[in-house]
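J.: Okay, structure incoming, though there's no sequence with it:
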């Protein structure tokens, strides 16, 4: 007796519903826990890449056109501005070099290890999650460029987030404001430790379990503390924007504004120089960059 | 399957366009109001080519959408398969509906899709939600009022059958 093919003309609509709907349901229920599916998911970014590329074409083209048609005066003005900015930055850098040398000396005096400067890789944001409640972006660097799961991502102003999925040429970045994200921080003024949790709003972080008697003020700078082992220490994360102390509650309600331009940055930096977290089981040895 | 579908390229183009519209970055409130393009396109072809475009096609489209939107794998596939089933068993009746009644039906189906999405994301650890997630119910059904005549015209011009 011949086996009835599953998708023959004769197989009824109901059978197909049960089969395909069943597969989809199983995927929903256990898909994120099966290593096989997770691996497949990583590979699937190859299929998605052309779509992201195509969707990005209009914005790339307007950028190119604007450059093409910008007048000589505009370019000269921009050149001037950049020159001035570079001068100011260089002046600041001189001071910074001196400070760094001093820092190393002092650290040597204290017998603590010298901090290694992190190397970075510039990458471009190619897509943002279409669901506004999920704060994720796609960047155009993947395992080919040495990106790894758990890698910190920053922009010119502060911490952006971390990589949660690495494809061959693209990676997915979970931003610090996503409601599923939290980052250990300290207040740079007094070293107070806290956890900055994402709230699902692009311009707000909330600090968990800050005692009502703590010394924390509006305007305090929050920098990553490096305690979780995932983010390197010392990158600016946010600025305290609101402190509400309700005598009836054990903890103060502290809100902070992320410093990175999460909804505007076009370029972000992937930070190397830190070994990936030991407990991130999904990191492959071949993706660990040489620091 | 016996005779090749005439103008299949147009079907493929509309599906690709739906994917692109589904992932184009939008700013601010408009991001919440984005109509559910894959559902609209699937609904149209489910009605127009009910003997060729069915559950299997919708399942593949749903999986592709999951990958593109980095959603929980299977959530769009599941919702679209169920919707395709509804269309497959009652397409004769649904074709007879006026465009307004179809739009109302699509609002219900979109609501179903949003609830499936929320459920799938919830059991996979994404919990934060906002009432604005229901905005596509309105926009999807309004878009249908415009999209159906346009697609019908184009289907006629390109001779898809």
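T.: Sure thing, it's come through. Remember, predicted model here, so these are calculated numbers, not experimental data. Numbering: from 1, shown residues only, chains lettered A, B, ... in the order given.

J.: CA only for contacts and neighbour counts going forward, please
T.: Fine.

J.: Could you say which helix or strand holds the residue nearest the centre of chain B?
T.: Ranked by distance to the mean C-alpha position of chain B (CA atoms, centre = their mean), the top residue is residue B:39 at 0.6 Å. Assessed by DSSP states H and E, residue B:39 sits inside helix B:37-48.

J.: just the helices in chain B please.
T.: Assigned by DSSP state H, the helices in chain B fall at B:8-23, B:37-48, B:55-68, B:75-96, B:99-122, B:135-158.

J.: any residue of the helix holding residue B:39 up close to chain A?
T.: No - Helix B:37-48 does not reach chain A (CA under 8 Å from any CA of the partner chain); its nearest approach is 12.3 Å.

J.: hmm, back to that, how confident is the prediction for the residue nearest to the centre of chain B, by pLDDT?
T.: Listed pLDDT for residue B:39 reads 95.

J.: Residue A:31 reaches residue A:37, doesn't it?
T.: Yes - using CA atoms under 8 Å, residue A:31 is in contact with residue A:37, at 5.9 Å.

J.: quick one, which of the two is more surrounded?
T.: Taking neighbours as other CA atoms under 10 Å in any protein chain shown, residue A:31 and residue A:37 compare with residue A:31 leading, 19 against 15.

J.: Got phi/psi on that one?
T.: Backbone torsions for residue A:31, taken as degrees, to the nearest 10, come to phi -60, psi -40.

J.: how many neighbours does the residue in chain B that chain A sits nearest to have?
T.: Chain A sits closest to residue B:74 of chain B, with a gap of 4.5 Å, by CA to the nearest CA. Residue B:74 has 29 neighbours, counted by other CA under 10 Å.

J.: Packing partners of the helix holding residue B:39?
T.: Contacts defined by 3 or more CA pairs under 8 Å, 6 or more residues apart in numbering or on different chains; DSSP states H and E place helix B:37-48 against helix B:8-23, helix B:55-68, helix B:75-96, helix B:135-158.

J.: want to throw the ones you listed into a markdown table with mean pLDDT and mean neighbour count?
T.: Shown next, in a markdown table, are the helices and strands packed on helix B:37-48 (pLDDT from 0 to 100; neighbours: other CA atoms under 10 Å in any protein chain shown):
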| stretch | mean pLDDT | mean neighbour count |
| --- | --- | --- |
| helix B:8-23 | 91 | 17 |
| helix B:55-68 | 92 | 22 |
| helix B:75-96 | 91 | 21 |
| helix B:135-158 | 92 | 16 |
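
J.: one step back: isn't the residue of chain B closest to chain A right next to residue A:27, touching?
T.: Yes - in this structure, residue B:74 is within contact of residue A:27 by CA under 8 Å, at 5.4 Å.

J.: and the helices of chain B as JSON lines, adding distance to residue A:125?
T.: Listed next are the helices of chain B as JSON lines, based on distance: least, CA to CA, whole Å:
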{"stretch": "helix B:8-23", "distance to residue A:125": "14"}
{"stretch": "helix B:37-48", "distance to residue A:125": "24"}
{"stretch": "helix B:55-68", "distance to residue A:125": "15"}
{"stretch": "helix B:75-96", "distance to residue A:125": "25"}
{"stretch": "helix B:99-122", "distance to residue A:125": "24"}
{"stretch": "helix B:135-158", "distance to residue A:125": "26"}
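
J.: what's the closest of those helices to residue A:110?
T.: Nearest to residue A:110, of all the helices of chain B, is helix B:99-122, at 49.1 Å by CA to CA.

J.: Enumerate every residue touching the residue nearest to the centre of chain B.
T.: B:80, B:110 (CA atoms under 8 Å, 6 or more residues apart in numbering or on different chains).

J.: Equivalent analysis for residue B:23, please.
T.: A:52, A:55, A:128-130, B:68-69.
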